[in-house]
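Chemist: how would this look folded up:
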Amino acid sequence: MCGIVGYVGPKKVVPVIIEGLRRLEYRGYDSAGIAVGSPSRAALPSPTLEIRRASGKLHNLEEVLREHPLEGTFGIGHTRWATHGRPTEENAHPHRDCSGRIVVVHNGIVENYLELKRELITQGHKFITETDTEIIAHLIEQIQLDAEAGAPGDRSSSSGWGKASAAPIPLEVAVRRAVKRLTGAFALGVLSASEPDKIVVARFGPPVVIGVGEGESFVASDVPGILHHTRNIYFLADGDMAILTLAGVELTDFDGNPIERKITRILWDPIQAEKGGYKHFMLKEIWEQPRAVTDTTLGRVSLDSGKVFLGEMKLSDKELASATSINIAACGTSWHAALTGKYMIERLARLPVDVDYASEYRYRDPIAGPDALGLLITQSGETADTLAAQREMIALGSKTVAICNVVDAMVAREAHGAIYTHAGPEIGVASTKAFTAQLTALFLLALKLGQLRGKLDAAQSVTLIEELSRIPAKIEEVLRQCTAQCEQLAKELSTARDFLYLGRGIHFPIALEGALKLKEISYIHAEGYPAGEMKHGPNALIDETLPVVVLVTRDESDPASKLRYEKTLSNIQEVTARSGRVIAVATEGDTTIGSLVEHVIHIPPAIELLSPLIEIVPLQLLAYYIAVRRGCDVDQPRNLAKSVTVE
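Modeler: Numbers count the residues shown, from 1 in each chain. Sure thing, here's the model as predicted:
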């Protein structure tokens, strides 16, 4: 949610920032802006900060820059996703103080901004925007004014203002005092015309990364924004500050105490974040799923012994085995992965699992404790609701494990163990390969728990791992065989106003995910439902205009799967009897289904617990091609952001 890119160094600053913001467009935004600073020179006796902003997409800002170019030695840019105030040029970041000498960019929400704004107005500050961010620039300005004047109104250090001083205070000191007065979530980048070639950064909530180069430093809200310039990254934690200058990067806490953070060397190549010839990132990422599943499995299983190795797990095998229940919290697509994982863990480890929306978890007075293992699932590792749920679990005494796609993300740092999904960068807002990688990680965790709890012997484990090893090739087969069919179906279905997705058992979460994919990128109303619940309401929706997508695969080796298949056939007949249009996702070799429905998408057979990794692929393709035919912005759907870092 929102993008930040800043630079201090010898390069021309505007191209670095604009390029970085473009690589962060996937995060979602509705306006953009840039601030550039120049040191004093003959024509300009004092340092200056100049700003350019525009509503809408980044190309609008680039047009403004063509008409009114900027040059400078340091700067910061921002793409804004509106929270406080409409998505207008006036409300776009960066925001200034009264003097125009301090500028701020901000991701997050300042919850006490009205209180601070009223206070600053009484001190003579004039506000020109509707945003919460503008108050931060004015607050920093007032702190510097009070400190320089040694004003009687200066507050005590306990309130966050610090003691009065007749001498000017450095920008970083003013920012430290300012952040102590803010409540809410914030990632800040602050510049001052009075201190050229310096950017002060603070984090409390939304993610921030610092890039270290040769004689240059970078700040960004996510790695792709600066990866073309450096692979050496600091991931800031809550309460961290960074001061970027030509001399390098200084890290402190909010009290000014030096801190140490290890540099992470990013191993994936920047080209992975490019479209690579595909029309959209989403399509590229759908086709990358075989590799994502392979890479998430690689090095973690033994085909000889059937053992599972989770190297990033800080919890001992004894601690994992002693858990009496698992509480999973996640949001959106990750929540659907969690529901799927519940079936995997309960089936293989015989361990009860509860699944919560992370946004609801801490508000329901949850029951957790030392015997319950907390499991957090998040693609970015920075989702605000998921982090809040994790902290609630820890406060209640639970150990936590994180499944995420970003090494050293906040959720992993705060967890007692992590399982990284090695899917590579996912740029499309609608998650695809991150989802199948999450399912893979959950299956590995289920296997591990089953082995530790004595529910799986070596022979069973080897068989399950062999089945997992076949999944990437089966996904490739679906991509080869079903892409053209899904594209053709999209021509017929793209004018529908509503869709219904049905599944039983472990297939129900996949029905939910298929419906979510369609509504996210095509803006068609879609609903996922347990097939067995049709008689309890959804039958009223069915008529000749309603496409109904039914997951009706079966595992011939599993009697329970065959029973669910037969029950689902009955549900299909309920739909067709009411003239509903059925699109069935069925197993290759199924000769029964074709005579019952209008369209069949056949996929390779798989064991029941792994079939979701294959079933979801045609649903992703169908959603993609319907959205394309409707002319929608597939990679950046309206009103959505890739990483939701505020509640």
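Chemist: Run through who's touching stretch 168-177.
Modeler: Residues outside stretch 168-177 that contact it (CB atoms under 8 Å, 6 or more residues apart in numbering): 102, 140, 143-144, 147-148, 160-162, 188, 190, 192, 194-195, 198, 200, 202, 241, 243, 252, 254-256. All C-beta atoms are positioned from the backbone trio N, CA, C, and that covers glycine.
Chemist: Sort out for me which of those residues are in helices.
Modeler: When helices are assigned by DSSP state H, the members of the contacts of stretch 168-177 inside them are 140, 143-144, 147-148.
Chemist: for the residues you listed, which one is nearest residue 208?
Modeler: Closest approach between these and residue 208, by CB to CB: residue 140, at 17.6 Å.
Chemist: distance of the closest one from residue 129?
Modeler: Counting by CB to CB, to the nearest Å, the separation of residue 140 from residue 129 is 16 Å.
Chemist: quick one, which of those two is more surrounded?
Modeler: Taking neighbours as other CB atoms under 10 Å, residue 140 and residue 129 compare with residue 140 leading, 24 against 18.
Chemist: show me the contacts for the more buried one.
Modeler: By CB under 8 Å, 6+ apart, the neighbours of residue 140 are 97, 102, 104, 171, 174-175, 178, 190.
Chemist: that older thread, buried among the contacts of stretch 168-177? Make that a ChimeraX selection.
Modeler: Typed into ChimeraX, the line below selects the buried ones among those, using 16 or more other CB atoms under 10 Å:
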select :102,140,143,144,147,160,161,162,188,190,192,194,195,198,200,202,241,243,252,254
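Chemist: Verify the stated contact: residue 215 with residue 8.
Modeler: No: Residue 215 lies out of contact with residue 8 (CB atoms under 8 Å); the separation is 9.6 Å.
Chemist: Which of the two has more residues huddled nearby?
Modeler: It is residue 8, of residue 215 and residue 8, that has more neighbours when counted by other CB under 10 Å, with 29 against 11.
Chemist: and that one, bridged to which residues?
Modeler: Residue 8 has these beta-bridge partners by DSSP bridges: residue 74, residue 217.
Chemist: show me what contacts it?
Modeler: By CB under 8 Å, 6+ apart, the neighbours of residue 8 are 73-74, 197-199, 216-217, 244-246.
Chemist: let's go with 6 Å and repeat that
Modeler: 74, 197, 199, 217, 244 (CB atoms under 6 Å, 6 or more residues apart in numbering).
Chemist: Same check on residue 358?
Modeler: Here residue 358 is in contact with 329-331, 385-386, 389 (CB under 6 Å, 6+ apart).
Chemist: Nearest to residue 207 among the residues you listed?
Modeler: Once CB to CB is applied, the member of the contacts of residue 358 that ends up nearest residue 207 is residue 386, at 12.5 Å.
Chemist: Can you pull the poorly scored residue ranges out of this structure?
Modeler: Residues of the chain that meet the criterion pLDDT under 70 lie in 1, 26-28, 39-47, 81-87, 151-167, 268-276, 641-647.
Chemist: got a markdown table for the ones in helices among the contacts of stretch 168-177, with distance to residue 89 too?
Modeler: Shown next, in a markdown table, are the ones in helices among the contacts of stretch 168-177 (distance: CB to CB, whole Å):
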| residue | distance to residue 89 |
| --- | --- |
| 140 | 23 |
| 143 | 28 |
| 144 | 27 |
| 147 | 33 |
| 148 | 32 |
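Chemist: Closest to residue 447 out of those residues?
Modeler: Distance to residue 447, by CB to CB, is smallest for residue 140 among these, at 52.2 Å.
Chemist: so how far is residue 178 from the closest one?
Modeler: Per CB to CB, residue 140 is found 5 Å from residue 178.
Chemist: what's the answer for residue 92, then?
Modeler: With distances taken as CB to CB, residue 92 is found 21 Å from residue 178.
Chemist: Neighbour count: the two, which is higher?
Modeler: Ranked by neighbour count (other CB under 10 Å), residue 92 and residue 178 place residue 92 first, with 31 against 28.
Chemist: my guess is the more buried one meets residue 30, correct?
Modeler: No: if you go by CB atoms under 6 Å, residue 92 and residue 30 don't touch, sitting 8.8 Å apart.
Chemist: helices or strands next to the helix ranked longest in the chain in the packing?
Modeler: Secondary structure of the chain read by DSSP H shows that its longest helix is helix 458-493. Contacts defined by 3 or more CB pairs under 6 Å, 6 or more residues apart in numbering; DSSP states H and E place helix 458-493 against helix 289-297, helix 611-629.
Chemist: do that again at 7 Å, thanks
Modeler: Where contact means 3 or more CB pairs under 7 Å, 6 or more residues apart in numbering; DSSP states H and E, helix 458-493 is packed against helix 289-297, helix 433-452, strand 599-603, helix 611-629.
Chemist: Same list (these) but as CSV, adding distance to residue 110 and mean neighbour count.
Modeler: As requested, these are arranged in CSV below (distance: least, CB to CB, whole Å; neighbours: other CB atoms under 10 Å):
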stretch, distance to residue 110, mean neighbour count
helix 289-297, 37, 23
helix 433-452, 30, 26
strand 599-603, 48, 19
helix 611-629, 35, 26
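Chemist: Format these as CSV; extra columns: distance to residue 563.
Modeler: Converted to CSV, those look like this (distance: least, CB to CB, whole Å):
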stretch, distance to residue 563
helix 289-297, 28
helix 433-452, 22
strand 599-603, 20
helix 611-629, 15
